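**Q** I would like the atomic coordinates for the input below:
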Amino acid sequence: MTLSEPAGDAPGDTTQESPTTAHAGALAVRVAQGHGVETMFTLSGAHVFPMYDGAVNADPPMRLLDVRHEQTAAFAAEATGKLTRVPGLAVLTAGPGVTNGISAIAQAQFNGSPMVVVGGRAPANRWGMGSLQELDHPPIVAPVAKSARTLATAAEVAAGMDEAFTLARSPHRGPVFVDVPMDEFFNSAEAAVPARRPTGGADPDPEAIATVAGLLARAERPLLVLGTDVWADGAEVEALELVERAGLPTLTNGMGRGIVPGGHPLLVTKARGAAINRADLVVVAGTPLDFRLGYGVFGGKDGATPARVVHLADAPGQVSAHADLAASASGDLASVFRMLGDELERASRRSDWSPWVGELRDAVAAAAARDAELLTAEADPIHPARIYGELVSRLADDAVVIGDGGDFVSFAGKFVEPRRPGGWLDPGPYGCLGAGLGAAIAARLARPSAQVVLMLGDGAAGFSLMDVDTLVRHGLPVVMVVGNNAAWALEKGPMQMIYGYDVVADLAPTSYDGVVRALGGAGETVTDPREIGPALDRAFAAGAPYLLNVMTDVRAAYPRATFGV
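**A** The predicted structure follows:
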């Protein structure tokens, strides 16, 4: 799937294979391939051997990508779902294999990432006797997944896997878990691979759209916010068309970043504070009204009237239940944007937004001027912003930038403005560290010719850096940049603010590049801000996993307005 292709169903989805007899692992792989899966992310485990045999003997074979920790397999599947809009597939052995993947499943649930996780399961004919890694997984996984169930017999696997992939792909998208008893995985059954069913969103309510259009037409200072589900729903083209047709100033978050390209005159991310505090109407599309968006409260400072809020979602269950909404609409987001644009053009009377757009453009220019000083800072130790000052100019339009960290990655959100959609990955509102190496693996496979850059806090690096071994073994070049301030900076500063001291917030100034070299990659430590650019050039040219360990100033904290609570 290219960056511009919609996330709909491929042509020819209505055909169904003739019944065939095969072991359950082979049937499971055949169903996954029918849903567009090309890679199985896994860590070797005997409970799921039939899945491996099914992958090796499939026509064509399915790629097996084995990792060093199950969390990485699951995070890679989650990122694959986000990047390709085809459900990622993680296959995890029983017991600890499954429980090691639960954080990634939870992240997928929070992000609406299409993903199927297949767990091994202790054999049914030994259940209750205490066989190795015997654990009833579905009750544990169910709270953080769209569905979690056991496919109890080989005969249930083909239909059960098809239901899992269909549910994962259906709005609102998310993770689905199934496990299969080991003895049944090896058993054979006769089954036909079901036809892939359409999974598009529902048609939006025209009256709801008309209400939203009326609010927009009367607003003097409107603001549009585009989030991850706009990309997931394949609505990025229609969203940009609405922005440009209506002249709507826009903020983006999550995988909504890049839908309005970096540098676009209507992208006002750099003026986020002014836009949010001064808007009289905020239309939020494809992202929850969570802590990242003030829980749906905008403006209202110094006695001003808070902005009215509209929420647009891909499914009714995603419309905010806690915010005070002026209106809402749900359904296929591409249709929502088209209908909204048409209604606005038919409006008999519309406010003139040009003064508002001009005000925000001035604020963007002023912010860019202020940022320039940080982006070129010669400070010693290095200010983390200087890293982004060197990186941004070296990023190609199709680069994939991944954030895995706290304070250091917050600077990425401020300074990196993708020029295309589908080029940004972060943990999302679950805020889970350790997702980065899995996401980097997924990005390199999904975008083989693009730059893949993983921005790591030094704390986050400790969660998954061993999986550089996976990059090396599978020949997956990735540029990794660690902002190394030898601290849990996101916690150190707030704890000092609250108590006047901090504990358990310091780390060693570890040679993370040395770790990467020991695993077969390459890298270097950077202590001079003037050497960051040349080091990045060497990293991009290396054609191998390459880590820059940049020693940064722990006192240069990101100036945040919220701590996520």
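
**Q** residues touching the residue nearest in space to the middle of the chain, list them.
**A** With distances taken as C-alpha atoms, centre = their mean, residue 425 lies nearest the centre of the chain, 4.6 Å away. Shown in contact with residue 425 (C-beta atoms under 8 Å, 6 or more residues apart in numbering): 79, 82-83, 255, 400-403, 439, 443. C-beta: built from backbone N, CA, C; applies to glycine.

**Q** Now tabulate those in TSV and tack on secondary structure, neighbour count and distance to residue 215.
**A** Below are these laid out as TSV (DSSP: H, G, I helix; E, B strand; the rest coil; neighbours: other C-beta atoms under 10 Å; distance: C-beta to C-beta, whole Å):
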residue	secondary structure	neighbour count	distance to residue 215
79	helix	31	36
82	helix	30	31
83	helix	24	34
255	helix	31	26
400	strand	27	36
401	strand	25	34
402	strand	27	36
403	strand	25	34
439	helix	28	37
443	helix	29	38
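
**Q** thinking again about what came up before, where's the residue nearest to the centre of the chain relative to residue 352, distance?
**A** Per C-beta to C-beta, to the nearest Å, residue 425 is found 38 Å from residue 352.

**Q** and if you look at residue 301?
**A** Taken as C-beta to C-beta, the span from residue 301 to residue 352 is 25 Å.

**Q** in the stretch 301-450 of the chain, which spans are helices?
**A** 333-346, 354-375, 384-392, 407-415, 436-446 (DSSP state H, counting those that start in this stretch).

**Q** By mean pLDDT, show me the worst of the ones you listed.
**A** Mean pLDDT per stretch puts helix 407-415 lowest among the helices of the stretch 301-450 of the chain, at a mean of 91.

**Q** who's in contact with that helix?
**A** Residues contacting helix 407-415 (C-beta under 8 Å, 6+ apart): 371, 375, 384-385, 387-389, 392, 401, 403, 426, 455-458, 460, 483, 485, 489-490, 493, 552, 557-558, 560.

**Q** I only care about the residues you listed that end up buried; give me the ChimeraX line for that.
**A** Buried residues within the contacts of helix 407-415, by 16 or more other C-beta atoms under 10 Å, are selected in ChimeraX with:
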select :371,375,384,385,387,388,389,392,401,403,426,455,456,457,458,460,483,485,489,490,493,552,557,558
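
**Q** I'd guessed residue 28 sits against residue 159; true?
**A** No: counting by C-beta atoms under 8 Å, residue 159 is not a contact partner of residue 28; they are 11.0 Å apart.

**Q** Which one's more surrounded, those two?
**A** residue 28 (32 against 16; other C-beta atoms under 10 Å).

**Q** List the contacts of the residue nearest to the more buried one when sequence neighbours are not counted.
**A** Nearest residue to residue 28, sequence neighbours excluded (C-beta to C-beta, 6 or more residues apart in numbering): residue 161, at 5.0 Å. By C-beta under 8 Å, 6+ apart, the contact list for residue 161 reads 27-28, 31-32, 116, 118, 151, 178.

**Q** By neighbour count, which of those wins?
**A** residue 28 (32 neighbours).

**Q** quick one: that residue from residue 62, how far?
**A** 10 Å.

**Q** For residue 127, which non-adjacent residue is spatially closest?
**A** residue 134 (7.0 Å).

**Q** State whether residue 549 is indeed within a strand.
**A** Yes: assigned with DSSP: H, G, I helix; E, B strand; the rest coil, residue 549 falls within a strand.

**Q** ok, back up a step: so for residue 182, which of the helices of the stretch 301-450 of the chain sits nearest?
**A** Residue 182 lies closest to helix 436-446 among those, at 25.5 Å (C-beta to C-beta).

**Q** could you check the angle helix 407-415 makes with the closest one?
**A** 40 degrees (axes from the mean of the first three to the mean of the last three C-alpha atoms, to 10 degrees).

**Q** How far does helix 436-446 sit from its chain's centre?
**A** 11 Å (C-alpha atoms, centre = their mean, to the nearest Å).

**Q** Show me what it is packed against.
**A** strand 39-42, strand 63-66, helix 70-84, strand 400-404, strand 452-457, helix 458-464, helix 468-473 (3 or more C-beta pairs under 8 Å, 6 or more residues apart in numbering; DSSP states H and E).

**Q** do you know how far the closest residue to residue 194 other than its chain neighbours is from residue 41?
**A** The shortest distance from residue 194 to any non-neighbouring residue, by C-beta to C-beta, 6+ apart, is to residue 162 (4.3 Å). To residue 41, residue 162 is 20 Å away according to C-beta to C-beta.

**Q** quick one: which of those two has more around it?
**A** Per other C-beta under 10 Å, whichever of residue 162 and residue 41 has more neighbours is residue 41, with 32 against 22.

**Q** my guess is residue 220 is in a strand, correct?
**A** No: counting by three-state DSSP, residue 220 falls outside a strand, being coil.

**Q** sorry, back to before: so what's in contact with residue 28 and residue 62 at the same time?
**A** Counting by C-beta under 8 Å, 6+ apart, the residues touching both residue 28 and residue 62 are residue 54.

**Q** In the stretch 151-300 of the chain, mark out all the strands, start to finish.
**A** 175-181, 188-191, 222-226, 250-252, 281-285 (DSSP state E, counting those that start in this stretch).

**Q** Which neighbouring elements make contact with the shortest one?
**A** Using 3+ C-beta pairs under 8 Å, 6+ apart as the contact criterion, the secondary-structure elements in contact with strand 250-252 are strand 222-226, helix 272-278.

**Q** Out of those, name the one with the poorest average pLDDT.
**A** Among the helices and strands packed on strand 250-252, helix 272-278 scores lowest, at a mean of 93.
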